[in-house]
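**Q** Here is a sequence with its predicted model. Questions after.
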Amino acid sequence: MDADNIFNLFEDTEQTSSKVPEGLIESEYRKPDFFIGYFVGLVLRFQHSSDRMIGFLKQIYTGLDAQELSRKNKLLIYARAYESISQFDLENQEHVDALLKTKSEDFILACDKMIEELSQYEQYEKCAFLKNLKDFILFSQNKLPL
């Protein structure tokens, strides 16, 4: 028996139509509608979900430092939110169209919250990127009344 080929016994050699094609789910995460909405959702809904999580954990662990846990959780969530929105490209028309379709008040509020947080850690390049997106929404010709 060849030990290197043992796992070949478990491979599915038939392609079935019920399988998701490789890369399909990953490609959905790269669509601008998704990563813009994901960014806004994470930033704006962070506090509510964090408060619920910390309340639950305080019941289990009595010696929990809730403020420190909240701060670390916020950093983690905001890092993920920035990672998502950093895929945005103002040179890509599909991205621009998706941004123009978003609810601008929510997007601007999310940018403001993120900029405030990032400036505390002196991450000014990230702040500038978000400010450019925010300014684009604020001053876009498509958003100005005629």
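**A** Arrived safely.
**Q** which residues are in contact with stretch 82-90?
**A** Contact with stretch 82-90 is made by 30, 32, 35-36, 38-39, 42, 95-96, 99, 114, 118, 126, 129-130, 132-133, 136, as judged by Cβ atoms under 8 Å, 6 or more residues apart in numbering. C-beta here means a position set from N, CA and C on the backbone, and glycine is covered the same way.
**Q** ok, now stretch 34-42?
**A** 28-29, 77-78, 80-82, 84-85, 87-88, 98-99, 102-103, 106-107, 110.
**Q** Pull out the buried positions in stretch 112-126.
**A** Buried residues in stretch 112-126, defined by neighbour count with 16 or more other Cβ atoms under 10 Å: 113, 114, 115, 117, 118, 126.
**Q** ok, now stretch 35-46?
**A** Here stretch 35-46 shows 35, 36, 37, 38, 39, 40, 42, 43, 46 as buried, counting by 16+ other Cβ under 10 Å.
**Q** So which of those residues is the closest to residue 72?
**A** residue 46 (12.5 Å; Cβ to Cβ).
**Q** And the contacts of stretch 107-123?
**A** By Cβ under 8 Å, 6+ apart, stretch 107-123 touches 36, 39-40, 43-44, 74, 78, 81-82, 99, 124, 126-127, 130-131, 133-134, 137-138.
**Q** Let me see the mean pLDDT of that stretch.
**A** For stretch 107-123, the mean pLDDT works out to 95.
**Q** mind checking how far it is from the chain centre?
**A** Distance, stretch centre to chain centre, for stretch 107-123: 14 Å (Cα atoms, centre = their mean, to the nearest Å).
**Q** Which residue ranges of this protein form helices?
**A** 24-29, 32-60, 66-85, 93-101, 104-120, 124-139 (DSSP state H).
**Q** Kindly export the third one (C-alpha atoms) in CSV.
**A** Once non-C-alpha atoms are left out, helix 66-85 reads as follows in CSV (Å, rounded to 0.1, in the frame of the first residue of the first chain):
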residue,chain,number,x,y,z
ALA,A,66,-15.0,45.1,30.5
GLN,A,67,-13.5,48.4,29.3
GLU,A,68,-10.3,46.7,28.1
LEU,A,69,-12.2,44.0,26.4
SER,A,70,-14.4,46.6,24.7
ARG,A,71,-11.4,48.6,23.5
LYS,A,72,-9.7,45.5,22.1
ASN,A,73,-13.0,44.3,20.4
LYS,A,74,-13.4,47.8,18.9
LEU,A,75,-9.9,47.7,17.4
LEU,A,76,-10.5,44.3,16.0
ILE,A,77,-13.9,45.2,14.4
TYR,A,78,-12.6,48.5,13.0
ALA,A,79,-9.5,46.8,11.6
ARG,A,80,-11.8,44.3,9.8
ALA,A,81,-14.1,47.2,8.6
TYR,A,82,-11.1,49.1,7.2
GLU,A,83,-9.8,46.0,5.5
SER,A,84,-13.1,45.7,3.7
ILE,A,85,-13.4,49.3,2.6
